[in-house]
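> curious how this folds, go ahead:
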Amino acid sequence: MLFDLTIIGFGVIGVETLHGLKKNFQKNKNKKILKIAVIEKKLDNIPGGVAYSKLNSKFGFFNNPLRLSHPDFIKWFNLFENKKKILDFATKNHSYNLSIWANNYEYILHTKYKDYKEIYLPRLIYSFFLKDKILDFLKHKNKLNILIKFYKGDVCKINFDNCYHIIPSGSFINFSIKNNNDKFEKKENDKKINFIKSNKIVIGIGVTPPKKINEITIQNNNNYIWDFYTSGGTNNLLNKIYKIKKIKNKINITFIGNKAGLLETMQEIEKLIKEKKIDISITCISKNSLTLQKAERSIKFNSFKFKFLIKKNIKKIIYANQIYKLLIKEFKVAKIEGFNKYDVWTNVLSNKILSTCYNQLNNKEKENYNLHIFPLIRNITRYTYPHTVSAKNRLEKLNKIKSLKDKVESIYKYKDKIIVKTKKNNLIKSDIVINVSGPVAISDINKEIKFVKSLKKITKKFTERGFTPNNKFILERGLYLPGTLSHNFNPGRETIIKAITKNSHKVSKDICEN
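I've put the predicted structure just below:
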């Protein structure tokens, strides 16, 4: 069968693309059957994908408060029946450690109260939201003349010859998703195929994994975690700690990197040290000391007003670096006047200041912004759930965390230890090593994402920061990249979830119109 569309990855982008198709396909007058294939690597990732599934996001929280999320999700959360679902899950699933969080926000979860202010939600809640969207799509697909097939498999290559040929590692296995009284049922079938042919493709994989470090015989040691999120996140790490605790009294953990992945683990590791009395020492290796900052508003937040990022200045913007300079000036003045940097930044996001500035630029300067200015802005505006930063700070005061400004060159196994060798010739012995060094550059991807190598043969439109699709996120001949593989997926520096949702809806609209 030749599919009209294949969606690779069934997380946020995959589900939102289907949701957008349902919405736009209702306007289809000739009622042509739309044939869709959806590919997902692991069934456990449905619903939610790697970032938001119950399995992988256990113990994880959003980096941003609810008010900065996509409006559809905010609307869904504010429905009382959905709050009840969340509260029931938090109280009945004790292993997720959500009882304290639920108690702190009892006044929101128990009522129809909508002034959610700075509430930070557990990431897994997004899987509830996406599940509802999937069930809604399945309910309406037949009326819309949409034929959909689901396949489990790991995409290895994508070739183009009149249409796209999507080739797996091994084979694709057909599976079904059924709505049984609003319960999600996923079941593998015996049907296997060796490739999928499709006219159009939407690639919806999440953030790229870290670059693979030179690993010598490390494959034999399950206590090296190369891709933190895909392997199960904090939950996977805790399971390894419990297992080692049975044979060792002291556990040494090394983190390669010091940003989101490290911070996500801090609250649970602190509990192990303080409540379970497990002796854990952490070494954190990073090229620089920059980490994510607390997303905390000052007591003066409500009185904040822009001094530089105002209409008359924004209208004068013609160069990308002017945006960065105005933001720096805003930060400096705000600090002098007693505001937090986060006061400035949260107002920038709420008022869509960066998007407005970006739209002032011509195409050449937009490219300059995406390649050079955006990374500068990102480096000084990385904020996260405050409690994770506080937990890290407390562990540092207890001398449980040691930071090294260095670069890891190789990892190898020696007896029952993992040895991390650095550029400065430090040899660090560890029981567990976690690579949270951040996404690998597209230009450096080799084995990290198998099919990217074949994408580079289809197109030369890529830089170190990602591929370069047009403003409809088309890279080549009906190949859509609305997510993090594109360097221009989020110029407004919105929350990732908000940006990729909007991009997916734009892609759906273009598919239906063409």
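> can you tell me the element Leu21 falls in?
Leu21 is part of helix 12-25 when elements are defined by DSSP states H and E.
> next, the angle from whichever helix or strand comes after that helix to helix 12-25.
Toward the C-terminus, helix 12-25 is succeeded by strand 34-40 as the next helix or strand (DSSP H and E). Angular relation of strand 34-40 and helix 12-25 on a 0 to 180 degree scale: 170 degrees, by axes from the mean of the first three to the mean of the last three C-alpha atoms, to 10 degrees.
> output the following helix or strand past strand 34-40 as PDB, nothing but the C-alphas.
Towards the C-terminus, the helix or strand next in line after strand 34-40, according to DSSP H and E, is helix 49-52. Taking Å, rounded to 0.1, in the frame of the first residue of the first chain, the C-alpha atoms of helix 49-52 are listed here in PDB:
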ATOM      1  CA  GLY A  49       6.100   9.900  23.600                       C
ATOM      2  CA  VAL A  50       9.500   9.700  25.300                       C
ATOM      3  CA  ALA A  51       9.000  13.000  27.100                       C
ATOM      4  CA  TYR A  52       5.500  12.600  28.600                       C
END
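> summarise which helices and strands helix 49-52 is packed against.
Using 3 or more C-beta pairs under 8 Å, 6 or more residues apart in numbering; DSSP states H and E, the elements in contact with helix 49-52 are helix 12-25, helix 125-140. Glycine gets a C-beta too; all of them are placed from N, C-alpha and C.
> the inter-axis angle of the helix holding Leu21 versus helix 125-140?
With the same axes, to 10 degrees as the criterion, the two stretches helix 12-25 and helix 125-140 enclose an angle of 30 degrees.
> for helix 12-25, name the packing helices and strands.
strand 2-8, strand 34-40, helix 49-52, helix 125-140, strand 146-152, strand 196-203, helix 496-513.
> distance from that helix to the middle of the chain?
19 Å (C-alpha atoms, centre = their mean, to the nearest Å).
> got the angle for it vs helix 496-513?
What separates the directions of helix 12-25 and helix 496-513 is an angle of 40 degrees, with the same axes, to 10 degrees.
> send me helix 12-25 as CSV with only the CA atoms.
Coordinates of the C-alpha atoms in helix 12-25 are reproduced here as CSV (Å, rounded to 0.1, in the frame of the first residue of the first chain):
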residue,chain,number,x,y,z
VAL,A,12,3.2,15.4,20.8
ILE,A,13,3.9,16.0,17.1
GLY,A,14,2.3,12.8,15.9
VAL,A,15,-0.9,13.2,18.0
GLU,A,16,-1.3,16.9,17.2
THR,A,17,-0.8,16.3,13.5
LEU,A,18,-3.6,13.8,13.6
HIS,A,19,-5.7,16.2,15.6
GLY,A,20,-5.1,19.0,13.1
LEU,A,21,-5.9,16.6,10.2
LYS,A,22,-9.2,15.8,11.8
LYS,A,23,-10.0,19.4,12.2
ASN,A,24,-9.0,20.4,8.6
PHE,A,25,-10.1,17.3,6.8
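> and among the helices and strands packed on helix 49-52, the most buried is which?
Looking across these with neighbours counted as mean count of other C-beta atoms under 10 Å, the highest average goes to helix 12-25: a mean of 24.
> what about Leu326, distance to Thr381?
Leu326 is 13 Å from Thr381, where distance means C-beta to C-beta, to the nearest Å.
> about what we covered before: now render the helices and strands packed on helix 49-52 as CSV, adding distance to Lys245 and mean pLDDT.
Formatted as CSV, the entries for these read as follows, by distance: least, C-beta to C-beta, whole Å; pLDDT from 0 to 100:
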stretch, distance to Lys245, mean pLDDT
helix 12-25, 36, 92
helix 125-140, 30, 94
